[in-house]
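**Student:** Provided below are the primary sequence and the corresponding predicted coordinates.
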Amino acid sequence: MRERERELLSKKFSRELEGEVKLVVFLREDGCEYCGHVKELVEEVSQLSERIQTSFYDLDKDSEKAAKWEVDKAPATLIFGKQEYKVRYFGIPAGYEFTAFIEDIIDVSRGRTHLSPSTKQRISGIKTPIHIQVFVTPTCPYCPRAVRLAHQLAIESSMVKADMIESTEFPELAARYNVMAVPKVVINDVYYFEGALPEPQFVEYVMAVAEGRIDELPFSEYSGRIG
């Protein structure tokens with residue numbers, strides 16, 4: 001980051017952070033092109049506020065920690081506050097995703113989000129685990145919207161686990177889910193949709209999967225069943 005950017009972020013954190021935040025990072029010594037970049041970025045961000053702490057682990061050597069937090073690939077960055085929210089970044093949160101990363105840190109520090117009251121009420125009824133994977137690229141201007149929505153759902157509901165996945169860093173995973181355009185959102189490995197949808201529509205898709213109403217959802221070239 002440039003000095004001016006560091007100064008602005010430091011002031012933003014001073015104004016908006018309310019509680020302690022821990023950035024838990026999993027790296028790998030071999031075969032991880034971006035691990036060094038992620039470590040550098042996380043350390044730089046943490047230096048901007050005393051409220052932000054860091055913990056670094058090796059995915060292979062610290063396998064018990066990885067299993068505890070369901071981390072199966074690196075680089076991975078988890079954002080914890082008073083609770084161990086399932087707000088996760090797989091790959092470097094760079095480019096357009098950097099803004100989402102900063103806003104997630106602030107939300108986690110507060111333990112609340114800007115989701116609408118109606119959304120918060122709806123997701124309070126989720127009774128089964130929901131896993132949202134949002135495939136992105138750093139140059140996609142629409143991707144942060146989808147990432148932020150998924151992560152806010154994870155902050156508001158302990159039943160939701162939400163991952164940002166940088167497609168070019170995990171090509172095998174992107175190929176598995178046939179990621180041809182981003183953002184691509186995959187819910188519980190059963191349903192997907194492409195595009196940065198408005199909050200009500202995004203939440204409706206999540207709730208339909210949670211409530212077993214997948215047949216009510218649209219099926220088109222931009223959405224449908226997995227497999």
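**Tutor:** On my side now, so go ahead. It should be emphasised that the depicted structure is a prediction, and the values quoted were computed from it without experimental measurement. Numbering: from 1, shown residues only.
**Student:** For residue 115, what is the enclosing helix or strand?
**Tutor:** For residue 115, there is no enclosing helix or strand under DSSP states H and E.
**Student:** cool, and the one 4 residues further on?
**Tutor:** Of the helices and strands defined by DSSP H and E, residue 119 is found in helix 117-123.
**Student:** Other residues contacting that helix?
**Tutor:** Helix 117-123 is contacted from outside by 153, 156, 157, 160, 199, 200, 203, 206, 207, using Cβ atoms under 8 Å, 6 or more residues apart in numbering. All C-beta atoms are positioned from the backbone trio N, CA, C, and that covers glycine.
**Student:** Buried subset of these, written for ChimeraX?
**Tutor:** Filtering those down to the buried ones (16 or more other Cβ atoms under 10 Å) takes a single ChimeraX command:
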select :153,156,157,160,199,203,206,207
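**Student:** mind giving me JSON lines with the contacts of helix 117-123 and columns for secondary structure, distance to residue 225 and pLDDT?
**Tutor:** Formatted as JSON lines, the contacts of helix 117-123 follow (DSSP: H, G, I helix; E, B strand; the rest coil; distance: Cβ to Cβ, whole Å; pLDDT from 0 to 100):
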{"residue": "153", "secondary structure": "helix", "distance to residue 225": "21", "pLDDT": "98"}
{"residue": "156", "secondary structure": "helix", "distance to residue 225": "27", "pLDDT": "98"}
{"residue": "157", "secondary structure": "coil", "distance to residue 225": "24", "pLDDT": "98"}
{"residue": "160", "secondary structure": "strand", "distance to residue 225": "20", "pLDDT": "98"}
{"residue": "199", "secondary structure": "helix", "distance to residue 225": "23", "pLDDT": "98"}
{"residue": "200", "secondary structure": "helix", "distance to residue 225": "22", "pLDDT": "98"}
{"residue": "203", "secondary structure": "helix", "distance to residue 225": "19", "pLDDT": "98"}
{"residue": "206", "secondary structure": "helix", "distance to residue 225": "15", "pLDDT": "98"}
{"residue": "207", "secondary structure": "helix", "distance to residue 225": "17", "pLDDT": "98"}
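**Student:** Return the member of the contacts of helix 117-123 nearest to residue 63.
**Tutor:** In terms of Cβ to Cβ, no member of the contacts of helix 117-123 lies closer to residue 63 than residue 160, at 24.9 Å.
**Student:** what's the distance between that closest one and residue 188?
**Tutor:** Distance from residue 160 to residue 188, counting by Cβ to Cβ, to the nearest Å: 11 Å.
**Student:** what sits in contact with each of the two?
**Tutor:** Shared between the contact lists of residue 160 and residue 188 (criterion: Cβ under 8 Å, 6+ apart) are residues residue 130.
**Student:** Got the domain ranges for this structure?
**Tutor:** Residue ranges for the domains of the chain, per automatic domain parsing: 1-110, 113-227.
**Student:** First-to-last residue distance for the first one?
**Tutor:** Terminal residues of domain 1-110 are spaced 25 Å apart (Cα to Cα, to the nearest Å).
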